[in-house]
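[1] structure of the sequence below:
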Amino acid sequence: MNPPSRTLSGTLLCGVRTFLSPRPKTLEATVRSSCQQDHYIWVGFGSGFMSADSIAGRLIANRQVARMPLLAEAPSFMHVAEAIKIALQSLWANKLRSVLTLLGVVIGVAAVIAVVTFVSGINDYVAQKVFNLGADVFLIFKVSPAVTNVDHFLEAEKRKDLTLEDYQAVVDACRHCELVGASTRNESGHVKYAEQSISDTLIRGITPGMATILDTDMAAGRMLNDTDVTNRSPVAVIGNDILEHLMPGVDPLGQEIRVDGWTYQVVGVAKKKGTTLGQSADNFVMIPITACLKQYGSHNNSLRIAAKATSAGVPLNEAVDEARAAVRAKRHDLPGGADSFDIETNASLLGIWTDFSQTFFIATIGIACISLVVGGIVIMNIMLVSVTERTREIGIRKALGAKRGDVLLQFLIESVTLSLTGGTLGVLFGVAIALSVTLLIGMPSSIKLWAVAAGLLVSASVGVFFGVYPARKAAKLDPIVALRFET
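    Residues are numbered from 1 along each chain as shown. Model (predicted):
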């Protein structure tokens, strides 16, 4: 008798010639009897042909019934676990083909996960570090830094610069403003102390209220005051980078530094802020706005005016209206005409950034979808090949009682398993790529569980969509034709 692990590979129906074993020396038989009750099968037990009842008894004795369903005891459904196991075994048995099959899905899902992770991380970072002025703050610009229309930008460049007179007009007219400040900047300053120097330093001329609006805290010394602004005092507040690079181990207060050749006395050191999008936020020098305008000139050096309302909501809107009216009157804008300046709130700046990031996200997702479609087509082709390779197996299953729905479900489960395997690998690769980039260059990332779930759901959907046709083709096979099929 053959070992118990050997399973039956075929059956003999009434008067129908079937291929009973996939082994090279296949034995065939034809029963041309009256086909009343008994079904005869060649089982290789050394006894030639035996009746189905006799085989069933021997299989029961060898505990093989569960693995060898006969026609009289054919299952009415396909076990999901078995179908998943078959799919995974197929993947492992054909490693190179599996890699090529899943490549499209892996790339598509990995791209989606990586993009969502980066966009979410950057959005959170921008909200916390860049546009972190608060919900009750608004800013007035000659040209908004968030302008997205080229024609508007070119037209706005022709406007008059914002001046200290415009700033003073807002101070006098804005009753709902708690603080009003103004600033100007030079982003390529050169700072020197003794024999040490540092370049690309942000030189910011400010009024005292601007420091509060910018949430600049002091680590040592004092902040600039109104007297410094009125007298154009040559005093400065430095960032942590200036202290660490130019004055290590030295008490900076009272020391003199040279800012683009002009001498300033250090009166304060700001607390360390860290980095913003990979750039240090501590490489700066703050000087009185009047001293800055004196040094660098007021031509082509428009101010930025910032104001903090008494609270967000209605008071903020009223403060914006009061400031707009004051600046329009000061700049002699025509009644009913457009403003000769731009006003932005923290919410509007974040909204513009969000629109930009969403556009980038949609474009990238579109590219990733192409990869998913290609991956789905490859999976469909591989499943069609699998149907062809397993035609005789399908015929045996149907001959033993499997229904169309059983075969359809089996191949659908295999297709979804293939696609989900690719989706899982894609999620892992996407997360790994995002974390690696964050570690290497500091780009912020934020892993979202909904993105992981969406990636797996999309990959499963690809498996269902592209697996339907091969599964239907397998389910429609005629068992007699399938049993006669030669690979």
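
[2] just how off-centre is stretch 161-168 within its chain?
    43 Å (Cα atoms, centre = their mean, to the nearest Å).

[3] buried residues, stretch 446-461. List them.
    Ser446, Ile447, Ala451, Val452, Ala454, Gly455, Leu456, Val458, Ser459, Ala460 (16 or more other Cβ atoms under 10 Å). Using the backbone N, CA and C atoms, a C-beta is placed for each residue, glycine as well.

[4] pretty sure Leu409 contacts Ala83?
    Yes - counting by Cβ atoms under 8 Å, Ala83 is a contact partner of Leu409 at 7.2 Å.

[5] still on that earlier bit, so which of the buried residues of stretch 446-461 are in strands?
    Among the buried residues of stretch 446-461, no residue falls in strands (DSSP state E).

[6] so of those residues, which ones are in helices?
    Ala451, Val452, Ala454, Gly455, Leu456, Val458, Ser459, Ala460 (DSSP state H).

[7] end-to-end on stretch 240-259?
    Terminal residues of stretch 240-259 lie 16 Å apart, using Cα to Cα, to the nearest Å.

[8] Arg159 falls within a strand, correct?
    No - counting by DSSP: H, G, I helix; E, B strand; the rest coil, Arg159 falls outside a strand, being coil.

[9] output stretch 260-277 as PDB - backbone C-alpha positions only.
    C-alpha atoms of stretch 260-277 as PDB (Å, rounded to 0.1, in the frame of the first residue of the first chain):
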ATOM      1  CA  ASP A 260      28.300  93.900   7.700                       C
ATOM      2  CA  GLY A 261      31.000  96.300   8.900                       C
ATOM      3  CA  TRP A 262      28.800  98.200  11.400                       C
ATOM      4  CA  THR A 263      29.500  97.900  15.200                       C
ATOM      5  CA  TYR A 264      26.700  96.800  17.600                       C
ATOM      6  CA  GLN A 265      26.800  96.000  21.300                       C
ATOM      7  CA  VAL A 266      25.200  92.800  22.400                       C
ATOM      8  CA  VAL A 267      22.400  93.400  25.000                       C
ATOM      9  CA  GLY A 268      20.600  90.100  24.800                       C
ATOM     10  CA  VAL A 269      20.700  86.400  23.700                       C
ATOM     11  CA  ALA A 270      17.600  84.700  22.500                       C
ATOM     12  CA  LYS A 271      16.700  81.200  23.500                       C
ATOM     13  CA  LYS A 272      17.500  78.400  21.100                       C
ATOM     14  CA  LYS A 273      14.800  77.600  18.600                       C
ATOM     15  CA  GLY A 274      16.300  74.700  16.700                       C
ATOM     16  CA  THR A 275      15.900  74.100  13.000                       C
ATOM     17  CA  THR A 276      13.100  74.800  10.500                       C
ATOM     18  CA  LEU A 277      13.000  72.500   7.400                       C
END
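
[10] buried set for that stretch?
    Using 16+ other Cβ under 10 Å as the test for burial, stretch 260-277 gives Trp262, Tyr264, Val266, Val267, Gly268, Val269, Ala270, Lys273.

[11] so what's Ser183 bridging to?
    With DSSP bridges as the criterion, Ser183 is bridged to Ile206, Arg304.

[12] residue contacts, it?
    Ser183 makes contact with Arg204, Gly205, Ile206, Thr207, Met210, Ile289, Leu303, Arg304, Ala306 under the criterion Cβ atoms under 8 Å, 6 or more residues apart in numbering.

[13] which residue comes closest to the spatially most central residue of the chain once chain neighbours are left out?
    When Cα atoms, centre = their mean is applied to the chain, the residue found nearest the centroid is Val116 (1.3 Å). Using Cβ to Cβ, 6 or more residues apart in numbering and skipping residues adjacent in sequence, the residue nearest Val116 is Ala451, 4.0 Å away.

[14] could you measure from Leu103 over to Val464?
    20 Å (Cβ to Cβ, to the nearest Å).

[15] show the low-confidence segments of the stretch 351-487 of the chain, by residue range.
    For the stretch 351-487 of the chain, the stretches flagged by pLDDT under 70 are 442, 487.

[16] in which helix or strand would I find the closest residue in space to Thr354 that isn't next to it in sequence?
    Among residues not flanking Thr354 along the chain, Asn123 sits closest, at 6.6 Å (Cβ to Cβ, 6+ apart). For Asn123, the host element (DSSP states H and E) is helix 95-125.
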